[in-house]
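J.: Below: sequence and its predicted model.
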Amino acid sequence: MKKIVLIEDDSDLFALLKYNLEKEGYAFGGSQTGKGAIELFRREKPDLIILDIMLPDSDGLDICKGIRANTELAHIPVIFLTARASETDRIVGLELGANDYIVKPFFVRELLARVKIQFRGQQSQQRTLKSGGLELDRSSCRVILDAQELQLTATEFKLLEFLMIRPGIVFSREQLLDGVWGHDRAVTDRTVDVYILRLRQKVEADPANPTYIRSVRGFGYSFHHPAVDAPLGDAAEVESIGVAS
């Protein structure tokens, strides 16, 4: 059973979403305050987070930054649910690491559909991870590129797996060191650059212009994965709610 944690200060909206999410078969957790949100997420270990931006005691954008900076939480999809509707707000939210951005008022069934899209896009429990012509088999520790098996070291495999599980998320060198090499390590940030270079030489057609493993100047690295697109259903049949906060 997938678990969803909601951070939303509006009591009526919180109760409405709790009812509908549980009705859909999801385990539910949440809070009506942003204080202690990161610890709540670490404790609950959710599969997805729905996060309001305009909280009375916190800024949802800062909470999202905290999620993406935490190696335990960085892989978890985040959906912003907010009254901030401008193009700039949407861009900022997505650039900070949100996987989706829903503006109030919204359709409950649309939100549920978008939740399902995020779960369809998750591959962390799949035996095989695929992206274009690249395929990683987690059970046999084999990597195939365009029908040819690649010879990767154990660390190269772990680094590629770590990135492929979390497509689109930008990780700093420190986060990659913690996630791949662990806390008990005697390596430096430069080690990440060396292994990224080695991986690119093996998986990229043109290592100087990578398709899969991308650099984000000033931040770190991310894995590029095709977007998951799906229809949201017939909007004429859904119930809308007009709650803004």
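T.: In hand now; what should we look at?
J.: Now do the strands in the chain.
T.: In the chain, the strands defined using DSSP state E lie at 3-7, 27-31, 48-51, 78-82, 100-103, 106-107, 128-131, 134-137, 142-145, 148-150, 213-216, 220-223, 240-241.
J.: can you tell which of those strands is closest to Ser58?
T.: Among these, the nearest to Ser58 by CB to CB is strand 3-7 (8.4 Å). All C-beta atoms are positioned from the backbone trio N, CA, C, and that covers glycine.
J.: Go through the strands of the chain and name the closest to Phe119.
T.: Taking the strands of the chain one by one with CB to CB, strand 48-51 is closest: 7.1 Å.
J.: Return the list of strands paired to that closest one, each annotated with direction.
T.: strand 3-7 (parallel), strand 78-82 (parallel) (DSSP bridges).
J.: tell me the domain boundaries of the chain?
T.: 3-123+229-241, 133-223 (automatic domain parsing).
J.: Rebuild the ones you listed as CSV, extending it with mean pLDDT and mean neighbour count.
T.: Output for those, formatted as CSV (pLDDT from 0 to 100; neighbours: other CB atoms under 10 Å):
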stretch, mean pLDDT, mean neighbour count
domain 3-123+229-241, 85, 17
domain 133-223, 88, 16
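J.: Pairing partners for Leu150 in the sheet, please.
T.: Under the criterion used (DSSP bridges), Leu150 bridges to Val143.
J.: isn't it right next to Glu204, touching?
T.: No - shown here, Leu150 and Glu204 do not form a contact pair, counting by CB atoms under 8 Å, at 11.2 Å.
J.: Is Leu134 bridged to anything, and to what?
T.: Ser131, Leu145.
J.: so what's it up against?
T.: 143-145, 164, 203, 212 (CB atoms under 8 Å, 6 or more residues apart in numbering).
J.: which stretches of this protein form helices?
T.: 11-23, 37-44, 60-69, 87-95, 108-121, 154-165, 173-176, 189-203 (DSSP state H).
J.: Tabulate the ones you listed (a markdown table), appending distance to Asp137.
T.: Formatted as a markdown table, the helices of the chain follow (distance: least, CB to CB, whole Å):
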| stretch | distance to Asp137 |
| --- | --- |
| helix 11-23 | 33 |
| helix 37-44 | 30 |
| helix 60-69 | 28 |
| helix 87-95 | 31 |
| helix 108-121 | 19 |
| helix 154-165 | 10 |
| helix 173-176 | 22 |
| helix 189-203 | 14 |
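J.: Good, we can wrap up now.
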